[in-house]
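return atomic coordinates for the entry below.
(2 chains)
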Protein chains: 2
Amino acid sequence: MPFQYLEHYNGTTGLTVGVNKVLFSEQTPYQKVEVFETDTWGNLMTIDGMVMLSEKDEFVYHEMIAHVACFSHPNPKRVLIIGGGDGGTAREVLKHPSVEHVDMVEIDEAVVRASKLHMPGVGDFDNPKLHVLYENGLTFVDHVDQKYDVIIIDGSDPVGPAVDLFKQEFYDKCRDALTEDGVLTGQTESPWVHGYHESIQSVFRSVDNAFSHSRMYLAFIPLYPTGMWSMVYASKGIDPLSQEVKDRVAKGMQTFGQHLRYYNVEIHTAAFALPGFVKDIIS
Amino acid sequence: MPFQYLEHYNGTTGLTVGVNKVLFSEQTPYQKVEVFETDTWGNLMTIDGMVMLSEKDEFVYHEMIAHVACFSHPNPKRVLIIGGGDGGTAREVLKHPSVEHVDMVEIDEAVVRASKLHMPGVGDFDNPKLHVLYENGLTFVDHVDQKYDVIIIDGSDPVGPAVDLFKQEFYDKCRDALTEDGVLTGQTESPWVHGYHESIQSVFRSVDNAFSHSRMYLAFIPLYPTGMWSMVYASKGIDPLSQEVKDRVAKGMQTFGQHLRYYNVEIHTAAFALPGFVKDIIS
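Next comes the predicted model:
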């Protein structure tokens, strides 16, 4: 074992993973992008030293950020992904037969390049419905003229280039870029990591202001700090826990859904159940 | 920071926590019991190098192993806890007004001593309803003559003295020690830790054989490997997802339940929702 990768959170608490080989390491204009070959999790990507995904656990994050949004909308055709350069979120979105056009706005082309090279099973980059644009997400939603049915905020942690993705201005612009029934989801860190409580609160204040439906939901992600990860759901028109949405999820499970490994009918509802200590953070 | 505590799982993956001071360290006839002062999690207890609990996160495990059982039973009076030497499970059980008598059968008195000394907020050892017995759990259920309404298996990992708590013989004896409507819960490791899949499968085969209702449920535990922890529910008579149980949980939340920090009405149901990859392990 050449060395141990170590990510710290909450002071001295950390995740450590043995690394066989460094496959990719590049300081880009935005951040440091690295891919490591590990003994247990397949290849693993970090940005500025923080785990983004591994080949073995990425299905959890990507299924949960994509399908909660795409099943809640009755007929998602145009989807915008902010970030998501590894390609996994787009791959899950593209499983929905109604989807015609996906714009993926990734600030850093090195993330896409690293994923294509060293995580070839994660992305679906040859899909003709997928359009990859290398731009700043905030600037993009500011200038975009066509509306989207679904917007997914798949950014990294609220340090570095992703910091704008946790602010009111960004959520206001996303609301304006959504169709009337549009749905938004995004990643919002771990409720157990105290340093991010302010960012989580900022996102939920922002979506409460900008949307009529807003909720937090949770997923178990083994390689993210503490394993408990929160996501935001927001919509001007659609309650993700309505019977109509639940029926749509059940129907979807009979087609491609049976091949999913995390998201299913029960998980769709269960993910929105929050422990009291989590509710306290956002209330 | 004098040193970093490190627990490994799945090969070289690990949890690391900075330790200010070693408060307790004893090699008992059964295992090595240690308590560390940490900078973020309060005092933290390990057994044979594996995290059992910290003062900051223990409420999750103890609420989820105790209340799922005690609310599912209509009127729990006599409760047996196998293991649970830190006292946290008994503390949660004793919040139920119907409970008259709790037997806690802990093999290793050093665990109780360490908890009383260094985690004084965890146990409720002065409660006259609590009876602590230092015995082997398997032998105890083999010889016990009075029946219990609830049995909770709060043992450590399936190595060392807790290994018997993952076998058919033990679950058969527990079934015999339960009243007709009796309910059993227990901890069954992380679905992400491959080395324990056989133990998880053994428990679920055993309870499927011994009980008419058996289910897995999940909780987010930040200091356990991968943060995703599974527990077993088993009963001869009671479906934990029946409307009767849900109504009982809702009623309980109006009394002491509002002071809980993890378990609540929505969590009771949501915890039983399993991702497909978890269902695959036990099916």
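
for chain B, see how far away A:V249 is.
With distances taken as CB to the nearest CB, to the nearest Å, A:V249 is found 12 Å from chain B. Where you see a C-beta, it was placed from the backbone N, CA and C, and this is true even at glycine.

again with A:D247
Taking CB to the nearest CB, one finds A:D247 at 17 Å from chain B.

part of a helix, is that residue?
Yes. A:D247 sits within a helix when classified using DSSP: H, G, I helix; E, B strand; the rest coil.

quick check: residues of the stretch 101-250 of chain A near chain B?
Counting by CB under 8 Å from any CB of the partner chain, the residues of the stretch 101-250 of chain A close to chain B are A:S190, A:W192, A:L218, A:F220, A:I221, A:P222, A:T226, A:G227, A:M228.

verify the stated contact: the last one with A:W192.
Yes. Using CB atoms under 8 Å, A:M228 is in contact with A:W192, at 5.8 Å.

who touches both of those two?
Contact criterion CB atoms under 8 Å, 6 or more residues apart in numbering or on different chains; residues shared by A:M228 and A:W192: B:P222.

which of these two has more residues huddled nearby?
With neighbours defined as other CB atoms under 10 Å in any protein chain shown, A:M228 and A:W192 compare such that A:W192 has more, 27 against 24.

so what are the domain limits for chain A?
Segmentation of chain A into domains, based on automatic domain parsing, reads A:3-52, A:58-282.

I'd like those as a markdown table, with mean pLDDT and distance to B:V51 appended.
Formatted as a markdown table, those follow (pLDDT from 0 to 100; distance: least, CB to CB, whole Å):
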| stretch | mean pLDDT | distance to B:V51 |
| --- | --- | --- |
| domain A:3-52 | 93 | 11 |
| domain A:58-282 | 95 | 13 |
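
single out the most deeply packed of those domains.
Comparing those by mean neighbour count (mean count of other CB atoms under 10 Å in any protein chain shown), domain A:58-282 ranks first with a mean of 20.

put the alpha carbons of stretch A:231-250 into CSV.
The C-alpha trace of stretch A:231-250 is given here as CSV (Å, rounded to 0.1, in the frame of the first residue of the first chain):
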residue,chain,number,x,y,z
MET,A,231,-30.0,16.9,-0.5
VAL,A,232,-32.5,19.7,-1.3
TYR,A,233,-35.7,19.3,-3.2
ALA,A,234,-37.5,22.4,-4.4
SER,A,235,-40.4,23.1,-6.8
LYS,A,236,-42.9,25.8,-7.6
GLY,A,237,-45.6,23.3,-8.2
ILE,A,238,-44.9,19.7,-7.2
ASP,A,239,-45.0,18.1,-3.8
PRO,A,240,-42.6,15.1,-4.0
LEU,A,241,-44.7,13.1,-1.5
SER,A,242,-48.0,13.5,-3.3
GLN,A,243,-49.9,10.3,-4.3
GLU,A,244,-49.5,11.3,-7.9
VAL,A,245,-45.7,11.3,-7.6
LYS,A,246,-45.7,8.0,-5.7
ASP,A,247,-47.8,6.4,-8.4
ARG,A,248,-45.4,7.6,-11.0
VAL,A,249,-42.4,6.2,-9.1
ALA,A,250,-44.1,2.8,-8.8
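
please state the offset of that stretch from the chain centre?
17 Å (CA atoms, centre = their mean, to the nearest Å).

report the central residue of chain A.
Ranked by distance to the mean C-alpha position of chain A (CA atoms, centre = their mean), the top residue is A:D154 at 3.5 Å.

my guess is it contacts A:E58. True?
No. Using CB under 8 Å, A:D154 makes no contact with A:E58, being 11.5 Å away.

just to revisit the earlier point, any idea how far chain B is from the residue nearest to the centre of chain A?
20 Å.

is the longest strand that chain A contains anywhere near chain B?
When chain A is parsed with DSSP state E, its longest strand is strand A:13-27. Yes. Applying CB under 8 Å from any CB, one finds strand A:13-27 touching chain B at A:T13, A:G14, A:L15, A:T16, A:V17, A:G18.

other SSEs contacting that strand?
Strand A:13-27 sits against strand A:3-9, strand A:32-38, helix A:109-118, strand B:13-27, with contacts defined as 3 or more CB pairs under 8 Å, 6 or more residues apart in numbering or on different chains; DSSP states H and E.

could you tell me the end-to-end distance of stretch A:90-100?
Distance across stretch A:90-100, first residue to last, is 12 Å (CA to CA, to the nearest Å).

scratch that, stretch A:267-283 is what I was asking about
Using CA to CA, the end-to-end distance of stretch A:267-283 comes out at 23 Å.

so the spatially closest residue to A:D142 that is not a sequence neighbour, which state does it fall into?
In space, A:D142 comes closest to A:K173 once its chain neighbours are excluded; the distance is 5.6 Å by CB to CB, 6 or more residues apart in numbering or on different chains. Here A:K173 is recorded as helix under three-state DSSP.

list the contacts for A:K173?
Contacts of A:K173 by CB under 8 Å, 6+ apart are A:L138, A:V141, A:D142.

for the residues you listed, give me CSV that also has secondary structure.
Shown next, in CSV, are the contacts of A:K173 (three-state DSSP):
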residue, secondary structure
A:L138, helix
A:V141, helix
A:D142, helix
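
which among those gets closest to A:E63?
Proximity of the contacts of A:K173 to A:E63 (CB to CB) peaks at A:V141, which lies at 24.3 Å.

list phi and psi for the closest residue to A:M64 other than its chain neighbours.
What sits nearest to A:M64 in space, not counting adjacent residues and going by CB to CB, 6+ apart, is A:A219, at 4.3 Å. When read as degrees, to the nearest 10, the backbone of A:A219 gives phi -140, psi 150.

report the contact partners of A:A219.
Per CB under 8 Å, 6+ apart, neighbours of A:A219: A:V60, A:Y61, A:M64, A:W229, A:M231, A:Y262, A:A271.

turn the residues you listed into CSV, including secondary structure.
Output for these, formatted as CSV (three-state DSSP):
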residue, secondary structure
A:V60, helix
A:Y61, helix
A:M64, helix
A:W229, strand
A:M231, strand
A:Y262, coil
A:A271, coil
